[in-house]
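Trainee: heads up, no residue letters with this:
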């Protein structure tokens with residue numbers, strides 16, 4: 001919109017152009033008028049002069065002429081050239097003197113006189129100038145008034161346009177379809193412009209919603225994710241917010257890692273999706289609970305404005321449904337839950353730590369149980385939290401009382417010449433005979449420096465079972481932690497045990513991750529050399545995720561490498577992984593290393609792996625774990 005000054009300047013220029021045009025026309029007309037007047041006056045002077053007798057003196061003629069008109073120049077001469085009368089005056093005040101016509105000359109025959117004259121147009125000129133000045137003032141006033149009226153009109157017009165646009169844009173995102181019956185809105189260009197703006201806004205809204213959904217939701221379960229959880233606590237849990245207190249529950253899916261490794265990632269996804277459905281179906285609608293997927297294995301449930309007893313009732317219902325799902329799905333456990341109460345003043349980090357401690361305690365109790373962590377002082381304990389203390393007691397109890405049971409999952413050879421084995425899977429029991437979550441047990445054993453003792457327990461139990469059940473015609477793989485192969489006392493113990501049980505030793509294959517070997521290459525080489533001296537063999541599992549060179553493997557000389565599941569998952573559709581695996585198989589066979597594939601879930605994957613000359617396949621499609 002033009003400002004007042006801009007409109008004033010514009011109108012002034014237009015007024016000046018108009019004024020100049022009018023002035024030019026007025027001057028042209030004025031010149032025509034005075035020229036015509038001078039011609040008429042010439043005829044009048046000639047007629048008057050004839051009426052004056054030749055005997056009359058010149059003065060009488062002058063008096064008669066002056067009585068008819070005013071002259072700037074009047075010159076009378078005889079036929080002989082004698083000056084009889086001469087009068088000349090200049091109107092210096094006139095601005096239009098330069099436009100005055102030239103003096104006119106009249107030749108009289110009777111009497112024989114020559115008259116030269118120029119009329120005075122002072123009054124006419126003054127009148128013209130006054131009219132032009134008056135017109136100039138009127139033009140300026142008109143420009144100022146027009147500018148003021150235009151500004152007001154523009155303001156009103158743009159205000160009405162703004163209101164129309166506002167009303168139209170308010171309908172964006174709503175189901176309203178009515179259009180405002182405004183004459184302004186009937187402007188075609190305005191309609192098209194508003195329609196384009198609406199389209200852009202709707203597109204932007206759709207994009208924003210999609211980005212927000214992507215940023216705040218979990219693709220597998222469709223639940224809000226950790227980002228939304230943090231956003232919820234920052235915006236809803238406040239003194240003046242909708243939530244001032246409540247109960248926070250963290251539910252941890254204890255079998256995800258085991259399912260991914262043994263059954264494959266597809267089963268792992270189905271397991272997570274089912275737990276999500278169980279939690280969602282259990283949340284009481286009247287409590288207004290919110291559920292979030294925090295990470296791959298954890299769900300958070302916020303029960304706003306409720307007390308702990310209601311939260312405990314909800315957790316107990318979860319345990320019951322988890323038990324039903326466990327029995328139907330042949331799982332060792334499903335999930336464990338930690339509870340903690342909160343207020344709007346509670347730090348989020350402290351709440352999560354307390355809930356995590358509650359999970360640790362729950363895992364040492366019965367299967368799929370829950371625990372409400374009411375004592376926040378456990379976070380201030382510098383030695384170990386309450387959950388760690390419970391785990392230490394459970395691990396010690398497992399080791400002292402040999403509370404371990406063994407499963408075996410066979411690896412199927414892809415040719416008659418392939419020599420493979422079955423992988424031992426250890427499961428641990430608490431004092432009540434309930435299964436402890438395996439992944440959590442191993443993780444806590446690592447954390448509490450108990451993993452070497454756990455490895456010894458597993459090896460001892462496997463050897464005893466093989467001897468007791470007379471399984472010397474089969475081979476078995478045992479997983480060893482990276483910490484154990486670097487422990488000098490463990491190596492001495494293991495070598496003595498294998499040399500003592502030489503018949504069993506030849507049937508054992510020790511599995512260690514590629515990452516574990518890389519931690520201490522010198523210790524890894526010493527461990528592998530000792531295993532080979534004892535007659536046992538070595539498998540490097542989860543191969544392909546590290547940066548280990550084949551020169552390193554040629555020096556270490558493992559007997560098997562087991563490809564990481566990221567290379568075998570959907571191998572029938574992934575051409576890049578097919579090429580990589582074919583290359584790995586060729587290189588491994590050149591240095592006499594057998595190549596195995598884990599997490600084989602479909603017949604298509606198995607057939608593709610056979611075409612790539614993989615020596616053996618392991619996975620739920622091949623066989624489920626069974627008791628040793």
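Mentor: Looks like it arrived, so ask away. None of these values were measured; they are calculated from a predicted model. Residues are numbered from 1 along each chain as shown.
Trainee: give me the number of residues near residue 220?
Mentor: Neighbours of residue 220 under the rule other C-beta atoms under 10 Å: 14. No exception for glycine: its C-beta is placed from N, CA and C like everyone else's.
Trainee: look up phi and psi at it.
Mentor: phi -80, psi -50 (degrees, to the nearest 10).
Trainee: so what touches stretch 15-28?
Mentor: Identification of contacts with stretch 15-28 by C-beta atoms under 8 Å, 6 or more residues apart in numbering yields 96, 99, 128, 131-132, 135-136, 139-140, 142-143.
Trainee: most centrally placed residue in the chain?
Mentor: In the chain, the residue lying closest to the centroid (C-alpha atoms, centre = their mean) is residue 211, at 5.2 Å.
Trainee: name the helix or strand for that one, please.
Mentor: helix 188-216 (DSSP states H and E).
Trainee: and residue 460, by the same measure?
Mentor: For residue 460, the enclosing helix or strand under DSSP H and E is helix 451-468.
Trainee: what is the following helix or strand past that helix packed up against?
Mentor: Going down the chain from helix 451-468, the next helix or strand is strand 476-479, by DSSP H and E. On a contact count with 3 or more C-beta pairs under 8 Å, 6 or more residues apart in numbering; DSSP states H and E, strand 476-479 meets strand 422-428, helix 451-468, strand 508-513.
Trainee: ok now the first one, how far from the chain's centre?
Mentor: For strand 422-428, the distance between its averaged C-alpha position and the chain's averaged C-alpha position is 44 Å (C-alpha atoms, centre = their mean, to the nearest Å).
Trainee: tell me the mean pLDDT over it?
Mentor: Here strand 422-428 scores 93 as its mean pLDDT.
Trainee: so what does it touch, helix or strand wise?
Mentor: By 3+ C-beta pairs under 8 Å, 6+ apart, strand 422-428 packs against strand 404-410, helix 438-447, helix 451-468, strand 476-479.
Trainee: neighbouring strands for that strand, and are they parallel or not?
Mentor: Sheet pairing of strand 422-428 (DSSP bridges) gives strand 404-410 (antiparallel), strand 476-479 (parallel).
Trainee: ok, then the element right after the shortest one?
Mentor: I take that to be strand 476-479. For strand 476-479, the succeeding helix or strand toward the C-terminus, using DSSP H and E, is helix 482-485.
Trainee: centre of the chain to that next one, how far?
Mentor: Averaging C-alpha positions (C-alpha atoms, centre = their mean) puts helix 482-485 43 Å from its chain's average.
Trainee: also stretch 344-360?
Mentor: The chain centre lies 29 Å from the centre of stretch 344-360; the measure is C-alpha atoms, centre = their mean.
Trainee: in it, what's buried?
Mentor: Neighbour-count burial for stretch 344-360 flags 346, 351-360 (criterion: 16 or more other C-beta atoms under 10 Å).
Trainee: could I get those in CSV, plus columns for pLDDT and distance to residue 238?
Mentor: What follows is these, written out as CSV (pLDDT from 0 to 100; distance: C-beta to C-beta, whole Å):
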residue, pLDDT, distance to residue 238
346, 84, 11
351, 88, 15
352, 88, 18
353, 84, 21
354, 85, 20
355, 88, 20
356, 85, 24
357, 81, 25
358, 84, 24
359, 87, 27
360, 81, 30
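Trainee: please convert those residues to TSV, extending it with secondary structure.
Mentor: Output for the buried residues of stretch 344-360, formatted as TSV (DSSP: H, G, I helix; E, B strand; the rest coil):
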residue	secondary structure
346	coil
351	helix
352	helix
353	helix
354	helix
355	helix
356	helix
357	helix
358	helix
359	helix
360	helix
